[in-house]
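Here's a sequence, model it:
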Amino acid sequence: MRSRYSRWDGTQDLGDEDFGADQIIDEISDDLLSGLSPSGALNRLMRRGISGHTAGLDELARRIAARRRRWAQETNLSGPLAEMRDRLDDILSQERSTLRQTPGEDARSREAFLDLLPNSTAGAIRELQDYRFVNPEAQQAFDELLESIRRDLLQAQLGQLTGAMQNITAEDLARLREMFRELNQMIEARGAGQPYDFDGFMQRYGDLFPENPKSLDELLEALARRMAAMSRFMASLSPNQRMELEQLMSAVMNDLDLEFEMAMLSQELQVLMPNLPWGQTAYGQSDSPMGISEAVDAFQQLGEMEELEDALKGGYQGAGIMDVDEEKLGRALGEEAVHDLRGLKQIEKALQEAGLIDGEGGRLELTARGLRRLGERALVKVFEVLRHDRPGGHEERHTGGLAEPTGSTRPWRFEDEGEISVQRTVFNAVIRSADARPPVSAGIVQEGPPGTAGRRVQLHPDDFELIEAESRTRTATALLLDLSFSMPLRGHWVAAKKMALALHALIDGKYPQDDLYLIGFSDYARELDLKELTATGAIERVYGTNMQHAFLLARRLLSEHSSCSQQVIMVTDGEPTAHLVDEGSGGPHAVFNWPPSSETIHKTLAEASRLSSSGITLNIYMLEEEPGLVKFMDELARRTGGRVFHAAGQDIGRFVLRDFVRFRWG
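Have a look, this model is predicted:
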């Protein structure tokens, strides 16, 4: 085997390497066996994630909520106006210093003008636009302040739209005015069902849009998100701050037509995209310097985080994992969160590609292959525990000697034991790799003709075959599962179903000549299809634990296998509380009694004795140790010679499978 290593660059997809279909089945098995649909089980898995591999949606939502709390600590709403005031005060201080050193009436008149400036920043800037500073450095600083405020305000409302403008000149403002006018005309034309020239618009104004939108909808969405963020910023200011900022916009733009076109666009966008958080307030706590556009950037990020949190929590009808925007998630939480999200998105795909589930979204179904895999994974888990508990597993209990070879072979399957057919195994490897490029790593060398180089042949698990042997025993088993409502209430049901699936997988894979019947019982007993174990409603909300009917049905089914070793395995958490009575043409019906009546006890023991008299071995597993149950089971064991075990719910699989193998080889 050869491994390849490369430097991590953030683009590699670790989904397939991190976890596959088997681990996903392991993760959702309890939910499936508890009665959840495949869709519900997958949804729950996506919410909690896979430990050690990928965070779940709930964890990502928690991180987003924490990031929103940090947002408040990092955002300063009053900072932009305070910073402008500080810069303006510095400029006025420079001018006053120069005027104090300048003689003459003009200097005194200028000082008086400065003293009468309005207290508001917006009012002072409006008055100073027609004032010529005596101090040239102060004049330059004021011009730069106007330019900075104008650019900051445009970027606050339009994002990166002004990125192509080096300086915001009168010609630039005129071009922006014309661009907004044409944009409003396109919106009006589209609303009226008339044609519009988006391509021509982009040819004229495309340099103003660094993100290069491909359609009118894409352009409008970008502008709408920015303007919605600006509206939130304005709504979150105090009334005095909001009024001052509005006056400042009017003062520095000094273009009523531009203001009108922008206001028209904002109104249209609010109608087109009412789902955006127009005018919703939020409050920051930071006192660090922050410009207007920087503050609006923060509000736009807040909007993205709120959308992400809603999508991650499923906070609106139809919300799903595919609605979570990877780019926005990366901006909010970084690339690690994006990798987690991609891993979650691969979960359903991995199961479908493996053929374990079928359907889409809320209509997913576990396939027959998925059901088998569920049983195989349950079996693997049981044998992992068995190996840990007892080295060598059940092999030391084999007392029947070696089976006789039949002369044929069969493909090796997981957990198979027996003698490998070396000839067939190597032959399969040679045939499989005949047309493939010779591997580099070491393996079995296939000799060529004299004078030619040999070809290395690598073995693959699919190449192995075992020598087929006659089994010394064939076994028919009836597995009786208590379906009464106490099973899930006491936490036994999932473990019991895992045991049933594992036993089915063991027999199907290792002892295919054996027979297994699944019988469920509550007020009545019935034969179960394997798929019913993963379906909702397998547990019946009825009164009664009718062991008599279960024993009766098991005896009828096993009577067809009189030449086999026969056994009944019963798993229950309570004593019998129902039995069948026949009152005429209506046929037998169940009678329930609590506490158990003497008639129920008598009929149940009598039916168990008929099983024993038929040569059928009884193995009973009690999941509880209530006095009445223990007393009944002691009497049942005495009358039938059967064995009764107490097994904790989570250990039932280990006990049943180990004892099944002992019984079969014993």
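
Could you tell me how many residues sit around the closest residue to G49 other than its chain neighbours?
Among residues not flanking G49 along the chain, G56 sits closest, at 2.9 Å (CB to CB, 6 or more residues apart in numbering). Quick note: C-beta positions are derived from backbone N, CA and C, even for glycine. Residues near G56, counting by other CB atoms under 10 Å, number 20.

For G56, report the pLDDT, please.
At G56, the pLDDT value in this model is 87.

Need phi/psi at the most far-flung residue of the chain relative to its centre.
Here the centre of the chain is the reference, and by CA atoms, centre = their mean the most remote residue is G104, at 78.0 Å. The phi/psi pair for G104 (degrees, to the nearest 10) reads phi 110, psi 160.

confidence score at the residue nearest to the spatial centre of the chain?
The centre of the chain sits closest to M46, judged by CA atoms, centre = their mean, with a distance of 2.1 Å. With respect to pLDDT, M46 scores 86.

go on, G200?
At G200, the pLDDT value in this model is 94.

Same check on S614?
Reading off the confidence values, S614 has pLDDT 91.

got the contact list for it?
555, 558-559, 566 (CB atoms under 8 Å, 6 or more residues apart in numbering).

Which residues are in contact with the residue nearest to G49?
By CB under 8 Å, 6+ apart, the neighbours of G56 are 45-50, 344.

Buried subset of those residues as a ChimeraX selection?
A single ChimeraX command is used to select the members of the contacts of G56 judged buried by 16 or more other CB atoms under 10 Å:
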select :45,46,47,49,50,344
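
Which members of the contacts of G56 are positioned in strands?
49-50 (DSSP state E).

where exactly do the helices run in the stretch 401-550 of the chain?
Listed in chain order, the helices of the stretch 401-550 of the chain (DSSP state H, counting those that start in this stretch) span 422-432, 486-489, 493-510, 547-558.

nearest to W71, of those?
Judged by CB to CB, the one of these that comes nearest to W71 is helix 493-510, at 42.2 Å.

do you know how far the residue farthest from the centre of the chain is from Y131?
17 Å (CB to CB, to the nearest Å).

G520 now?
Computed as CB to CB, the G520 to Y131 distance reads 93 Å.

With H589 instead?
Distance, H589 to Y131, using CB to CB: 104 Å.

neighbour-wise, which of the two wins?
Between H589 and Y131, counted using other CB under 10 Å, the more crowded position is Y131 (14 against 11).

So the more buried one sits against F113, correct?
Yes: counting by CB atoms under 8 Å, F113 is a contact partner of Y131 at 7.0 Å.

Check the secondary structure at P576 for me.
coil (DSSP: H, G, I helix; E, B strand; the rest coil).

That one touches I601, doesn't it?
Yes: using CB under 8 Å, P576 is in contact with I601, at 6.6 Å.

Between these two, which contacts overlap?
Common neighbours of P576 and I601, using CB under 8 Å, 6+ apart, are F632.

Among these two, which residue is more densely surrounded?
P576 (29 against 22).

phi, psi of T169?
Torsion angles, degrees, to the nearest 10, at T169: phi -90, psi 180.

count of neighbours near it?
For T169, the neighbour count with other CB under 10 Å is 12.

Ok, L117 next?
Neighbours around L117, by other CB under 10 Å: 16.

for T534, same thing?
T534: 23 surrounding residues under other CB under 10 Å.

Could you check how far the nearest residue to it once chain neighbours are set aside is from G40?
In this structure, T534 finds its nearest non-sequential neighbour in L32, 5.0 Å apart by CB to CB, 6+ apart. Separation of L32 from G40 (CB to CB) stands at 9 Å.

more crowded one of the two?
Legend: neighbour count by other CB under 10 Å for L32 and G40, higher for L32 (25 against 17).

thought the more buried one was touching L366?
Yes: with contacts counted by CB under 8 Å, L32 reaches L366, the gap being 7.0 Å.

Need the residues touching each of these two.
The contact lists of L32 and L366 share 38, 374, 534, where a contact means CB under 8 Å, 6+ apart.

could the residues you listed go into JSON lines alongside pLDDT?
Putting those into JSON lines (pLDDT from 0 to 100) gives the following:
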{"residue": "P38", "pLDDT": "80"}
{"residue": "L374", "pLDDT": "79"}
{"residue": "T534", "pLDDT": "73"}
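
Pipe those into JSON lines and attach distance to E144 per row.
Below are those laid out as JSON lines (distance: CB to CB, whole Å):
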{"residue": "P38", "distance to E144": "64"}
{"residue": "L374", "distance to E144": "71"}
{"residue": "T534", "distance to E144": "72"}
